[in-house]
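Student: sharing a sequence plus its predicted fold:
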Amino acid sequence: MAIRAIIFRDDNDLPILQPFYFAEVQRGTLDIVGYAFEENGKINVVNSRDDVDPRQFDIAIISSRKNFYARMKLLEGIGMPREKIIDGFVFQVPNLNLPALI
């Protein structure tokens, strides 16, 4: 079963990292259920597809180059465990085994 993820969409690194995310989607290891963005100190999550609830996710993906710590704290504030918040740049690792990483 694919790992359900939300991704911060207002991240400057999204164009760089998105092909790596989509490669994992094609492999069947990742399911992008929503995109998150920060607004007035709160996290808003929007669906990537109509058939999923974006509040039901296994991991959150954030780029380490922009506000990683602040976003991590916001995610922890909605109940996301720190170990389920990962840096998007990990997807650039050759031969990534995403299920083993998670």
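Tutor: Thanks, I have the structure now. Numbers count the residues shown, from 1 in each chain.

Student: in this structure, which residue is closest to the centre?
Tutor: For the chain, the residue nearest the mean C-alpha position is residue 61 (2.5 Å; CA atoms, centre = their mean).

Student: which residue of the chain lies farthest from its centroid?
Tutor: residue 40 (19.9 Å).

Student: need phi/psi at it.
Tutor: Backbone torsions of residue 40, given as degrees, to the nearest 10, read phi 50, psi 40.

Student: in a strand, the residue nearest to the centre of the chain, correct?
Tutor: Yes - under DSSP: H, G, I helix; E, B strand; the rest coil, residue 61 sits within a strand.

Student: you'd agree it is up against residue 86?
Tutor: Yes - checked against CB atoms under 8 Å, the pair residue 61 and residue 86 is within contact range at 5.8 Å. Every residue, glycine included, has its C-beta placed from N, CA and C.

Student: where in the chain is the helix or strand with the lowest mean pLDDT?
Tutor: strand 42-47 (a mean of 80; mean pLDDT, DSSP states H and E).

Student: what about residue 12, how many neighbours?
Tutor: Applying other CB atoms under 10 Å, we find 9 other residues in the vicinity of residue 12.

Student: quick one, strands of the chain?
Tutor: For the chain, the strands defined by DSSP state E occupy 3-8, 30-39, 42-47, 59-62, 85-87.

Student: how about residues contacting the longest one?
Tutor: Right, the one you point to is strand 30-39. With CB atoms under 8 Å, 6 or more residues apart in numbering as the test, strand 30-39 has contacts from 2-10, 21, 24-25, 43-49, 52-57, 60, 67, 71, 74, 98.

Student: what are the buried residues along it?
Tutor: For strand 30-39, the neighbour count (16 or more other CB atoms under 10 Å) marks 30-36 as buried.

Student: what's the answer for the third one, then?
Tutor: By neighbour count on 16+ other CB under 10 Å, the buried set for strand 42-47 is 43, 45.
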